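Trainee: The following comprises the amino acid sequence and a computationally predicted model.
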Amino acid sequence: MSISALPRLVLWPLAALGLAALVLVGMLATPPKRPPPLASIHAGAMAIDRSGKPELSRFQARDGTWLAYRLYPAAPGGADRLAIVTHGSSASSDEMNVVARELARNGVTAVAIDARGHGASGARGDIAYIGQLDDDLSDLIAELRKSYPAAKLDFIGHSAGGGFVLRIAGGPLGREFDRFILLSPYLGYRAPTNRANNGAGKWVEADIPRIIALALLDRLGNSWAQSLPSIAFANAPEATMFVTQSYSYRLLADYGPPSDWQAAFRAAAGRVTVIAGEDDELMNSPAYKTHLEPLGAKVTLVAGVNHMGVVYQPAALAAITAAAK
C-alpha cells in the first residue's frame, strides 16, 4: 500500500461517520406536529361524569417524587378486593372516575392513578427513564399494602393504559395481581386490533424519523435525547390545561403495550379480560375476539359503545364490574 493512499483510508470512514451524524441530527431535529382535534374523543371525555370525584391523594415514589391518585373506598366490608385503575393516553385519573366509582359501589376499592407524566404526577409528557412506570407501580402497591395487606389486587386500564396493563401482566410485576381487565386496549400500531391512524381515527401524530433515530441511539446504549417529544395527540384546544399534549420517547416506550403482545397474553393466560365497544373508532373490536381468545383472554364486546364510551356507558360499566367480581 502506498503512503499516498493512507489519507483516503482515514478520511473516508470519518466522512461516512460525519454524514451519518448529520442524518441522525436531521432525524432528531423536527418535533411532532399536533394532529387536528378528534371530535369523538373530545366529546367522550366531556361526557364523563365527574361528580363524586375524590380529592387527590399522594404517595412518594422511590425517586422522591410525590405521585397522585384518587381513592374510592368500597362499601363497608368490601376490603377484600382492590383495583388499580389507569387512564388512556394523554388523560388522567379524571377519565376513570365513573369506572372507579362503579367498582366501589360494587364492593371493590378502586385506586385511580395519574400515571407519571400525566395529570398531577411529575412533569407532563415525560419520565426520567424507561422502566420508571414499573417502579412507580411497585411503589404504589407497597403503599397500598399498608392499608390492604390481604386484598386481592386487580389492574384495569383503558386504551394505552390497557396496553400498559398488558405489559405488566406479561412481566415479573404481574405476579402481584390476581387478574387484569383491559378496556379497548392499544396493543401496538402493528397489532391487528388497531385501526389505521387516519381520518376519523387519527388520534396521534408520530414523529417517525425522531423515533427511529432515538431507537437506534438506545440500541447503542445512548439515552441522552429520550426526553424529546415523539408523538402528539389530537386534543381539542380547550382541553390543553387538563391533558398531556405529547409524549417523550421514554414515556411512549413505557406507557403502552409490550413489543410482543402475544407472549404477554400467554404469560397471563386465564387472568385477562378484554372489554371493548362494538363501535370503537380507534380499535378493530372484532379482532379482539379473533386474535385474543386463542391466547387465553376472555373478550366481551358491548353494543352501541365507542372508544371513550367504554369508561362511562352503563352497559360497559356492567361488563367491567362483572369482570371484577
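Mentor: Nice, I can see it. Numbering: from 1, shown residues only.

Trainee: Could you chop the chain up by domain?
Mentor: 1-30, 39-324 (automatic domain parsing).

Trainee: distance between the ends of the longest one?
Mentor: Which is domain 39-324. 31 Å (C-alpha to C-alpha, to the nearest Å).

Trainee: Quick one: mean pLDDT over it.
Mentor: Over the span of domain 39-324, the pLDDT mean works out to 95.

Trainee: I'd like the numbering to begin with 124 instead of 1 from here.
Mentor: Sure, I'll start counting at 124 from here, so that last one is domain 162-447.

Trainee: hmm, who's touching stretch 428-437?
Mentor: When contacts are defined by C-beta atoms under 8 Å, 6 or more residues apart in numbering, stretch 428-437 is touched by residues 163-164, 166-168, 170-172, 218-219, 221-222, 281-282, 306-307, 398-406, 425, 427, 438-439. Where C-beta positions appear, they are placed from N, C-alpha and C, glycine not excepted.

Trainee: Please identify the most buried of the domains of the chain.
Mentor: The highest mean neighbour count among the domains of the chain, using mean count of other C-beta atoms under 10 Å, belongs to domain 162-447: a mean of 19.

Trainee: would you list every one of the helices in the stretch 124-273 of the chain?
Mentor: 129-152, 162-170, 220-228, 255-268 (DSSP state H, counting those that start in this stretch).

Trainee: quick one, what contacts residue 262?
Mentor: Residue 262 neighbours (C-beta under 8 Å, 6+ apart): 182, 183, 184, 185.

Trainee: Please flag which of those residues sit within strands.
Mentor: 182, 183 (DSSP state E).

Trainee: Looking at the contacts of residue 262, spot the one nearest residue 232.
Mentor: Closest approach to residue 232 among the contacts of residue 262 (C-beta to C-beta): residue 182, at 15.3 Å.

Trainee: and the closest one, how far is that from residue 190?
Mentor: Using C-beta to C-beta, to the nearest Å, one obtains 6 Å as the distance from residue 182 to residue 190.

Trainee: anything in contact with each of those two?
Mentor: Residues touching both residue 182 and residue 190 (C-beta under 8 Å, 6+ apart): residue 263.

Trainee: Just the element for residue 279, please.
Mentor: Per DSSP states H and E: residue 279 is located in strand 275-281.

Trainee: okay, the angle between that strand and helix 255-268?
Mentor: 140 degrees (axes from the mean of the first three to the mean of the last three C-alpha atoms, to 10 degrees).

Trainee: Would you mind getting the angle between strand 275-281 and helix 220-228?
Mentor: Using the same axes, to 10 degrees: strand 275-281 against helix 220-228 is 160 degrees.

Trainee: Okay, now the sheet partners of strand 275-281, with direction.
Mentor: Strand pairing for strand 275-281, using DSSP bridges, gives strand 204-209 (parallel), strand 302-306 (parallel).

Trainee: Mind listing residues that contact the next helix or strand after the shortest one?
Mentor: Read that as strand 302-306. Using DSSP H and E, the helix or strand that follows strand 302-306 in sequence is strand 327-329. With C-beta under 8 Å, 6+ apart as the test, strand 327-329 has contacts from 155, 156, 157, 158, 212, 320, 353, 354, 355, 356, 357.

Trainee: Can you list the residue ranges for strands in the stretch 324-448 of the chain?
Mentor: 327-329, 352-356, 369-371, 395-400, 421-425 (DSSP state E, counting those that start in this stretch).

Trainee: Looking at these, which is nearest to residue 259?
Mentor: strand 369-371 (15.6 Å).

Trainee: Each with direction, which strands does the closest one pair with?
Mentor: strand 352-356 (antiparallel).

Trainee: part of a strand, is residue 291?
Mentor: No - Residue 291 sits outside any strand when classified using DSSP: H, G, I helix; E, B strand; the rest coil, being helix.

Trainee: how far away is it from residue 278?
Mentor: With C-beta to C-beta as the criterion, residue 291 and residue 278 are 6 Å apart.

Trainee: try residue 402
Mentor: According to C-beta to C-beta, residue 402 and residue 278 sit 26 Å apart.

Trainee: Reformat the strands of the stretch 324-448 of the chain into CSV and put distance to residue 299 next to each item.
Mentor: Shown next, in CSV, are those (distance: least, C-beta to C-beta, whole Å):
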stretch, distance to residue 299
strand 327-329, 30
strand 352-356, 29
strand 369-371, 26
strand 395-400, 15
strand 421-425, 21
